[in-house]
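K.L.:
got a predicted structure here, sequence first:
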Amino acid sequence: METQVLGHAVGATVNDLAMHSAAVMEKFANGENYNEAVWIERGRFAVRQTLEGMFELGRALIIIKEHTPHGRFTEITEKEFGLHKREAQRLMNATLRFIDPKMKAVQPKLMDLGKSKLLELLVEDDDSLIELADGGDINGHTLDDIDRMTRNELRIALRESRENLAAKDEVMKTKTAKIDELAEKLEKSKKTVKEPDAADVGSELAMRLTSLEVGIRSQVSRLKEMFEQMAAHTEAHGIDHRATMVGTLNQIILDCENLRSSFALPQEAPTDDMPEWMKQEG
C-alpha cells in the first residue's frame, strides 16, 4: 500500500478519506480507530523512551570509562556503540547534569522537547534550565516557544543569548576600568598639597568598594563549577564531598557576618539615599 495524505488531495471524498484511514490503521495499528490526541501522546511517550535510553547509555558510558584505560574506552564507544568521542562525551555530560535532584525534577518537561533540542539546551547553566522548565524563559523564549522551534532556530536563539551575556560582561569590564581610572586619578591627587574634596573622596571609596565587590562575586560564582565537579566525582566514586562544600560556604558566610558585626551594620540598607559623607554639617 502506498502511503499518501488524501486530506490534501484535490477532490477526495469523505468516503475516500474513511477508506484510506481504515487501511492505514489496519496496517499500522491493528485496526483501531484514529484519534489524534491518542497518537500524539504515543509519539511523546516514544520520545521520552528514546531520551531515557540516551541517559541510560550515558550512565553506562560513565561506568565503563571509570573502569577502562583511555584507549580502550574510545575503542568500546566506537566499535560497540558506534559513537565518536565527542558524541560519547556529550551523552556523559548530559547524564551528569541530570544527577542533581533539582535538575532531575525538571527533566520530564525538558525531555518532551526531544533529544536534539535537549542537548542544545545543555550549553545553558542549571539555574537557567530550571527557570525555563518552571515557566520562565531563555532570552525571551519560553518552553512552548522552544517546542515550536526547529533545532537550528533554537541554536541561533541560544547563540544570541550568549552574545547578549557577553555584551553585558563587556559593559561591566568597561565600568570596572573607569572605576580603576578614577581611583588612580584620585590617588595621584593625594600627592598634591590641596586637600581633596570630601564628596570626591566618598565617591572614590564607594567606587573602589564596588570594584572589590565585582571581583569577590566573580570568585564566589566559580564555586558552582567546582561543586558540580565534586558532585560528579561523588556520583562516580561514592566519595562524599558535602562536608568540605558546606564548610567552605559556612566560612565565607562567617567572614561576612564578622564584618557586619565589626562595623555594626544593619541587615537592611538604610533608606536614606544620601551618604553621610555628602550631608552638610549643621
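P.N.:
All right, it came through fine.

K.L.:
make it CA atoms for all contacts and neighbour counts henceforth
P.N.:
OK.

K.L.:
where does residue 240 fall, phi/psi-wise?
P.N.:
phi -80, psi 120 (degrees, to the nearest 10).

K.L.:
test my guess that it contacts residue 246.
P.N.:
No. Look at residue 240 against residue 246 with Cα atoms under 8 Å: they stay out of range, at 11.5 Å.

K.L.:
more neighbours: which of the two?
P.N.:
Set side by side, residue 240 and residue 246 show more neighbours around residue 240, with 13 against 10, by other Cα atoms under 10 Å.

K.L.:
give me the pLDDT for that one.
P.N.:
On pLDDT, residue 240 comes in at 91.

K.L.:
ok, the closest residue to it other than its chain neighbours to residue 97 distance?
P.N.:
In space, and not counting its chain neighbours, residue 240 is closest to residue 234: 5.5 Å by Cα to Cα, 6 or more residues apart in numbering. Applying Cα to Cα, to the nearest Å, the value for residue 234 to residue 97 is 13 Å.

K.L.:
who's more crowded, the two?
P.N.:
Counted by other Cα under 10 Å, residue 234 and residue 97 do not tie: residue 97 has more neighbours, with 19 against 14.

K.L.:
spit out the contact partners of the more buried one.
P.N.:
103, 126 (Cα atoms under 8 Å, 6 or more residues apart in numbering).

K.L.:
before we move on, which element is the nearest residue to residue 98 once chain neighbours are set aside in?
P.N.:
Nearest residue to residue 98 in three dimensions, chain neighbours excluded: residue 104, at 5.1 Å (Cα to Cα, 6+ apart). Per DSSP states H and E: residue 104 is located in helix 101-111.

K.L.:
name the helices or strands packed onto that helix?
P.N.:
Contacting helix 101-111 under the criterion 3 or more Cα pairs under 8 Å, 6 or more residues apart in numbering; DSSP states H and E are the following elements: helix 36-65, helix 126-133.

K.L.:
output the below-cut-off pLDDT ranges for the protein.
P.N.:
1-12, 44-48, 50-51, 161-162, 164-169, 171, 188-196, 271-282 (pLDDT under 70).

K.L.:
tell me where it has helices.
P.N.:
Using DSSP state H, the helices of the chain run over residues 14-28, 36-65, 70-81, 85-97, 101-111, 115-121, 126-133, 143-148, 151-189, 198-237, 242-262.

K.L.:
which residues are contacting the last one?
P.N.:
Right, the one you point to is helix 242-262. The contact list for helix 242-262, computed with Cα under 8 Å, 6+ apart, reads 227, 266.

K.L.:
how many neighbours does residue 262 have?
P.N.:
Close neighbours of residue 262, defined as other Cα under 10 Å, add up to 9.

K.L.:
circling back to that earlier point, closest to residue 269 out of the helices of the chain?
P.N.:
Residue 269 lies closest, by Cα to Cα, to one member of the helices of the chain: helix 242-262, at 11.8 Å.

K.L.:
now do that closest one and helix 198-237, the angle between them.
P.N.:
Counting by axes from the mean of the first three to the mean of the last three Cα atoms, to 10 degrees, helix 242-262 points 160 degrees away from the direction of helix 198-237.

K.L.:
for residue 135, the count of nearby residues, please.
P.N.:
Here the number of neighbours of residue 135 (other Cα under 10 Å) works out to 10.

K.L.:
and it, how close does it get to residue 109?
P.N.:
10 Å.

K.L.:
residue 174 too?
P.N.:
Taking Cα to Cα, one finds residue 174 at 39 Å from residue 109.

K.L.:
next one: residue 211
P.N.:
Separation of residue 211 from residue 109 (Cα to Cα): 40 Å.

K.L.:
and for residue 182?
P.N.:
49 Å.

K.L.:
for the residue nearest the centre of the chain, phi and psi?
P.N.:
The structure's the chain has its C-alpha centroid closest to residue 125; by Cα atoms, centre = their mean the separation is 2.0 Å. Dihedral pair for residue 125: phi -80, psi 170, per degrees, to the nearest 10.
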